[in-house]
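Participant: Dropping the sequence and predicted coords here.
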Amino acid sequence: EAGVTQSPTHLIKTRGQQATLRCSPISGHTSVYWYQQALGLGLQFLLWYDEGEERNRGNFPPRFSGRQFPNYSSELNVNALELEDSALYLCASSRTITGELFFGEGSRLTVL
Amino acid sequence: GQNIDQPTEMTATEGAIVQINCTYQTSGFNGLFWYQQHAGEAPTFLSYNVLDGLEEKGRFSSFLSRSKGYSYLLLKELQMKDSASYLCAVLYNQGGKLIFGQGTELSVKP
């Protein structure tokens, strides 16, 4: 069974640009979560999607947005990039909202 | 808020036992997870507690006291490969968010 896959692995952007990160959950998982892990910090909850709907979001500005497609894959968009957006962005999926999260390897975003 | 507190770092000796503590705010609690994250890798699931008591899984055990807002992860017979960050995460039922602590960086020395 394929795990959670994320792309791209690495992404380099400059301030003010926009970044798009993609995630494919494990087959059969309908919930997708996005977390930001900045250097030296813990995982910060960004967004939760389930059955195509945004169910909850963390304390991040509106320039962080995303969506979930009918096949349950998901996209995270970050607009007007700032230097402090440089981080590892982790996507996770689960079968239910109380289930174990399975994480992808992450997309490392560097903003110059 | 939903603060989750755990020590920043710990050091232990190969073959020893180490206990990593985690405290959390109890309001809305709906389950607690422990994850392991090696440097440069994704977190991987270790354990899940929703009821009080001890859950044992091989060399790893996790304990939960819901009334005290307290959990610990116990690692026995430490091996060098256990050097990693250990993340305590609490599921809160307000919106189904899984909130992570900052992680405890464990270094296992020979």
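Facilitator: Received the coordinates, thanks. Numbers count the residues shown, from 1 in each chain, chains lettered A, B, ... in the order given.
Participant: Contact partners for residue B:70?
Facilitator: Applying Cβ atoms under 8 Å, 6 or more residues apart in numbering or on different chains to residue B:70 gives the contacts B:21-24, B:64. C-beta here means a position set from N, CA and C on the backbone, and glycine is covered the same way.
Participant: okay if I get the residues you listed as CSV plus pLDDT and neighbour count?
Facilitator: CSV is the format used below for the contacts of residue B:70 (pLDDT from 0 to 100; neighbours: other Cβ atoms under 10 Å in any protein chain shown):
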residue, pLDDT, neighbour count
B:21, 98, 15
B:22, 98, 25
B:23, 98, 17
B:24, 96, 23
B:64, 98, 22
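Participant: What is the nearest of the residues you listed to residue A:60?
Facilitator: residue B:24 (21.5 Å; Cβ to Cβ).
Participant: so what's that closest one bridging to?
Facilitator: Under DSSP bridges, the beta-bridge partners of residue B:24 are residue B:4.
Participant: wait, what's in contact with it?
Facilitator: By Cβ under 8 Å, 6+ apart, the neighbours of residue B:24 are B:2-5, B:32, B:69-71, B:88, B:90, B:101.
Participant: wait, does stretch B:33-52 contact chain A?
Facilitator: Yes. Interface with chain A: stretch B:33-52 contributes B:33, B:35, B:41-45, B:48 (Cβ under 8 Å from any Cβ of the partner chain).
Participant: ok, and the most crowded of those?
Facilitator: Ranked by the number of neighbours (other Cβ atoms under 10 Å in any protein chain shown), those place residue B:43 first, at 27 neighbours.
Participant: and that residue, what is it in contact with?
Facilitator: So residue B:43 contacts A:43, A:90, A:101, A:103, B:35-37, B:87 (Cβ under 8 Å, 6+ apart).
Participant: Could you dump these into JSON lines and include distance to residue A:9 and pLDDT?
Facilitator: Formatted as JSON lines, the contacts of residue B:43 follow (distance: Cβ to Cβ, whole Å; pLDDT from 0 to 100):
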{"residue": "A:43", "distance to residue A:9": "18", "pLDDT": "92"}
{"residue": "A:90", "distance to residue A:9": "12", "pLDDT": "96"}
{"residue": "A:101", "distance to residue A:9": "20", "pLDDT": "89"}
{"residue": "A:103", "distance to residue A:9": "14", "pLDDT": "94"}
{"residue": "B:35", "distance to residue A:9": "21", "pLDDT": "96"}
{"residue": "B:36", "distance to residue A:9": "21", "pLDDT": "97"}
{"residue": "B:37", "distance to residue A:9": "17", "pLDDT": "94"}
{"residue": "B:87", "distance to residue A:9": "22", "pLDDT": "96"}
